[in-house]
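*Asks:* I'll drop the sequence and a predicted model, then ask my questions.
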Amino acid sequence: MASFDVIIIGAGPGGYVCAIRAAQLGLKVAVVEGRDTLGGTCLNVGCIPSKALLHATHSLHETHENFAKMGLIGASPKVDWARMQAYKDDVVSGNTKGIEFLFKKNKVTWLKGWASIPAAGQVKVGDEVHEAKSIVIATGSEAASLPGVTVDEKTVVTSTGALALGKVPKSLLVIGAGVIGLEMGSVYARLGAEVTVVEYLDAITPGMDAEVAKAFQRILAKQGLKFILGAAVQGVSVTKGKAKTTWKLRKDETEAILETDVVLVATGRKPHLAGLGLDALGVEMLPRGQVKTDAHFATNIKGLYAIGDAITGPMLAHKAEDEGMALAEILAGKAGHVNYAVIPGVVYTTPEVATVGQTEEQLKAEGRAYKVGKFSFMGNARAKAVFQAEGFVKLLADKATDRILGCHIIGPGAGDLIHEVCVAMEFGASAQDLALTCHAHPTYSEAVREAALACGDGAIHA
Ligand code: FAD
C-alpha cells in the first residue's frame, strides 16, 4: 500500500493536467489509468487521431480542388489507407508518450490498471489498496448507445471504430449531426465515400448559433454530404457485412431504408463510471448519469472530487483540462476557478467553425438588447487568396454597453481566431476594443476586427 496526497483516476486531459499541476504545486500525486497509454479518449481515440485524419484528407482535397488553380499541375496523389492509418497512429503515439515524459518530469506516479474506490480515502488497483487525502474521478466518457442499434466496431461503429476502419467504405451513414459525426463524415467524404447524415432534430450541430449552423450545413452539402433532418432512426440490421438503416421522418412518419457499407453511431457520449463502486459509496449523481459536484468539483463524499466528461458541462478536452488545473489549485490551497461563460467550441472541418459565449437565439430568449456585427470572408484578402472565402464572423455585443457577449465564426482558421475573442471576453472588452486593435494584414483575423467594426460605425471592406 502506498499513500498519496492525491490519486486521480483516469489519465485523459482532465486527469493528466490535474496531476501535473498538483505535482507542480508540491503534492504527492498518482494517476490510475487502465489503458496501455496515457492521454485518455482525447489523445488515443478522440481529438488527436480525428485531427490527423482531417489534416490528411484536407490536404488530399486541396490537391484535387485547388492545386491546378495555382498552377500546380501533375499526377494527383492516391490514398494509401494503411499508411494514412500509420501516420495517424504515429501522431497518437508521439502525443501519449509526451504525457508519459511529463509524468516522469513532474514525478507523477502512474498506477497501471483499473481502479475502484472501496471506501472514502482508498483506491484499489488490482489487489493493491492505496490511500489518498483526495481522490479525483476523471474517468471520462464513452459513446452512448441507441435502441435498435448494435455496435460491432466493424460495420456499425462508434467514433473509435470509425477512426480505424479496415478500408475506406464506399458509403457511410452517420447517425447524428453533431461535431464528431460531421468531422468523421467529412473525412470519409473527402476520401470518396458517399456520406449520408441522419439527424433527429431539424438542424445540424444542436445548440450552435442557428445562422452559422445553416451556413455550415449548406457548405457541407456542397462538399457532398447528404443530410436527412428530423428523422428518427428505428434500427440498423447487418447482413453479409452491409448495414441497412431504417428511419422515420418525424413530420409525417414516412419510413425510409438505406444500405451502406458502414454506419457510424454518433449520437453523443455518456460518463464512464462503471466499476468504480460509486453506488456502494453513496455518491450522489445527476439525472443524466454524471457525478454531482459543487462549484469546487467536490462530491457529497468528503475528499472525493470529479472533473471532465464525468461531470456536467460541455464534453470538451479543454473544459476537462481547465477543471483539472482549477481542482489541483484548490487541493493545494489556492483559488482555482473555471469561467464557464467563456469556453470555446470548435468543429475542425473545412471550413472550421468556432463559437464562444452566447448565441443570438439565447440572447433573444433572455430578452437582452444586443447588436450584431457580421463580416464575410469574401471581404478578406487572405481568405480569397487561398480559396477559403466561404463563411463569416458574427460578433454579438450588448446594445447599450457594447460589451462582447458571443462570437460565432465559420471560415478559415476559425478555431484559432476565436481565441482573441475569448481573451477579450475574459477582460470584459467591448466590440470597440477589438475594432481599435491593430490587426496584421493580410490575416484571417482582420475579419474578426471587421465584424467588431460592424458593431459600431461599419466595416471597411464590406
Ligand atoms: P477521457 O479523455 O475520456 O479520459 C478518461 C480516462 O480514464 C480514459 O483513458 C480511461 O481509460 C480512464 N479510466 C476510466 N475508468 C477508469 C478506471 N476505473 N480506472 C482507471 N482508468 C480509468 N474534445 C475537444 O475539445 N476537441 C476535439 O477536437 C475533440 N474531438 C473528439 C473526437 C472524438 C472522436 C471523440 C470521441 C471525442 C472528442 N473530443 C474532443 C472530446 C474529448 O475527447 C473529451 O471531452 C475529453 O477526452 C474528456 O477528457 P476526460 O479527462 O474527462 O476523460
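*Replies:* Nice, I can see it.
*Asks:* contacts, neighbours, all on C-alpha from now
*Replies:* Fine.
*Asks:* Is the ligand within reach of stretch 301-313?
*Replies:* Yes: Stretch 301-313 reaches the ligand (Cα under 6 Å from any ligand atom) through Gly308, Asp309, Ala310.
*Asks:* how much space between the nearest residue to Gly113 once chain neighbours are set aside and Ala400?
*Replies:* Once flanking residues are discounted, Gly113 sits nearest to Gly34: 4.1 Å by Cα to Cα, 6 or more residues apart in numbering. Using Cα to Cα, to the nearest Å, one gets 53 Å for the distance from Gly34 to Ala400.
*Asks:* Same list, the residues of stretch 301-313 next to the ligand, but as JSON lines with distance to Glu259 and secondary structure please.
*Replies:* JSON lines is the format used below for the residues of stretch 301-313 next to the ligand (distance: Cα to Cα, whole Å; DSSP: H, G, I helix; E, B strand; the rest coil):
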{"residue": "Gly308", "distance to Glu259": "37", "secondary structure": "helix"}
{"residue": "Asp309", "distance to Glu259": "33", "secondary structure": "helix"}
{"residue": "Ala310", "distance to Glu259": "35", "secondary structure": "helix"}
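*Asks:* Go through those residues and say which is closest to Lys334.
*Replies:* Gly308 (19.8 Å; Cα to Cα).
*Asks:* residues near the closest residue to the ligand within the stretch 151-300 of the chain, how many?
*Replies:* With Cα to the nearest ligand atom, the shortest gap between the stretch 151-300 of the chain and the ligand falls at Ser159, namely 4.9 Å. Neighbour count for Ser159, taken as other Cα atoms under 10 Å: 20.
*Asks:* gap between whatever residue of the stretch 101-250 of the chain ends up closest to the ligand and His58?
*Replies:* The stretch 101-250 of the chain approaches the ligand most closely through Gly140 (3.1 Å), counting by Cα to the nearest ligand atom. In this view, Gly140 and His58 are 29 Å apart by Cα to Cα.
*Asks:* More neighbours: which of Gly34 and Ala400?
*Replies:* Ranked by neighbour count (other Cα under 10 Å), Gly34 and Ala400 place Gly34 first, with 18 against 9.
*Asks:* near the ligand, which residues of the chain show up?
*Replies:* Looking at the ligand, the residues of the chain close enough under Cα under 6 Å from any ligand atom are 9-15, 32-35, 40-42, 46-47, 50, 113-116, 138-141, 159, 180, 275-276, 308-310, 315-318, 320.
*Asks:* ok, 5 Å please
*Replies:* Counting by Cα under 5 Å from any ligand atom, the residues of the chain close to the ligand are 10-14, 32-35, 40-42, 46-47, 114-115, 139-141, 159, 308-309, 315-317.
*Asks:* So among the residues you listed, which ones count as buried?
*Replies:* For the residues of the chain next to the ligand, a neighbour count by 16 or more other Cα atoms under 10 Å gives the buried set as 10-14, 32-34, 40-42, 46-47, 114-115, 139-141, 159, 308-309, 315-317.
*Asks:* so of those, which ones are in helices?
*Replies:* Residues of those located in helices (DSSP state H): Pro13, Gly14, Gly40, Thr41, Cys42, Cys47, Ser159, Ala317.
*Asks:* And the residue lying closest to the last one once chain neighbours are set aside, what's its pLDDT?
*Replies:* If the residues on either side of it in the chain are set aside, Ala317 comes closest to Pro13, at 5.8 Å by Cα to Cα, 6+ apart. According to the per-residue confidence, Pro13 scores 98 in pLDDT.
*Asks:* check contacts around Pro13.
*Replies:* Gly39, Gly40, Cys42, Gly308, Ala317, His318, Ala320, Glu321, Gly324 (Cα atoms under 8 Å, 6 or more residues apart in numbering).
*Asks:* Enumerate every residue touching the first one.
*Replies:* So that's Gly39. Ala11, Gly12, Pro13, Tyr16, Asn95, Thr96, Ile99.
*Asks:* run the last query once more with 10 Å
*Replies:* Neighbour list for Gly39: 10-17, 33, 45-46, 48, 92-93, 95-100 [criterion: Cα atoms under 10 Å, 6 or more residues apart in numbering].
*Asks:* tell me, how many neighbours does Leu264 end up with?
*Replies:* Leu264, neighbours per other Cα under 10 Å, totals 26.
*Asks:* Also Phe375?
*Replies:* 28.
*Asks:* separation between the nearest residue to it once chain neighbours are set aside and His419?
*Replies:* With Cα to Cα, 6+ apart as the criterion, Phe375 has its nearest non-adjacent residue at 4.9 Å, and that residue is Ala451. As judged by Cα to Cα, Ala451 and His419 stand 15 Å apart.
*Asks:* Between these two, which is the more surrounded one?
*Replies:* Ala451 (28 against 17).
*Asks:* What segments of the chain are helices?
*Replies:* 13-24, 40-45, 47-65, 81-105, 159-162, 179-190, 210-222, 278-281, 317-331, 360-366, 381-385, 414-426, 431-435, 446-454.
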